[in-house]
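Trainee: Just to be clear, the model below is a prediction. Sequence and coordinates:
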Amino acid sequence: MFNTISARQIQREYKKVLQQANKSKKPLVVMSNNKPLGAIIGLDLLEKLQIEAVINEALEEYKAGKTKSISTPEELKAEFKEIDRLARLK
């Protein structure tokens, strides 16, 4: 079960609430009138979720065949040159 916190408590003790979110490594569900309004997460958990999203996106691209295999330093260098060229066009 998630830890819960009242919206009023956030107003009164926002620093303490944020410290609790960072310390607990789990979301804090914000409640108002016994109804969930949203959640507060710590920075470590946010970073973890962002990394997981990038990994999932990369896996989907791999499964869809949208990735390249680079097996030599020369191929890598050529790929970086192409990326640099495309970036300069924008």
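Mentor: Received it, and whenever you're ready, just let me know what you need. Note that the coordinates shown come from a computational prediction; the quantities given were computed from them, not determined experimentally. Residues are numbered from 1 along each chain as shown.
Trainee: What are the boundaries of the strands in the protein?
Mentor: In order along the chain, the chain carries the following strands (DSSP state E): 3-6, 28-32, 35-40.
Trainee: got the angle between the last one and strand 28-32?
Mentor: I take that to be strand 35-40. For strand 35-40 against strand 28-32, the angle by axes from the mean of the first three to the mean of the last three CA atoms, to 10 degrees is 150 degrees.
Trainee: packing partners for strand 35-40?
Mentor: For strand 35-40, the elements it packs on are helix 14-24, strand 28-32, judged by 3 or more CB pairs under 8 Å, 6 or more residues apart in numbering; DSSP states H and E. Yep, even glycine has a C-beta here, placed from its N, CA and C like the rest.
Trainee: mind running it again at 6 Å?
Mentor: For strand 35-40, the packing partners by 3 or more CB pairs under 6 Å, 6 or more residues apart in numbering; DSSP states H and E come out as strand 28-32.
Trainee: picking up where we left off before, pipe the strands of the chain into a markdown table and attach mean pLDDT per row.
Mentor: Output for the strands of the chain, formatted as a markdown table (pLDDT from 0 to 100):
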| stretch | mean pLDDT |
| --- | --- |
| strand 3-6 | 94 |
| strand 28-32 | 95 |
| strand 35-40 | 95 |
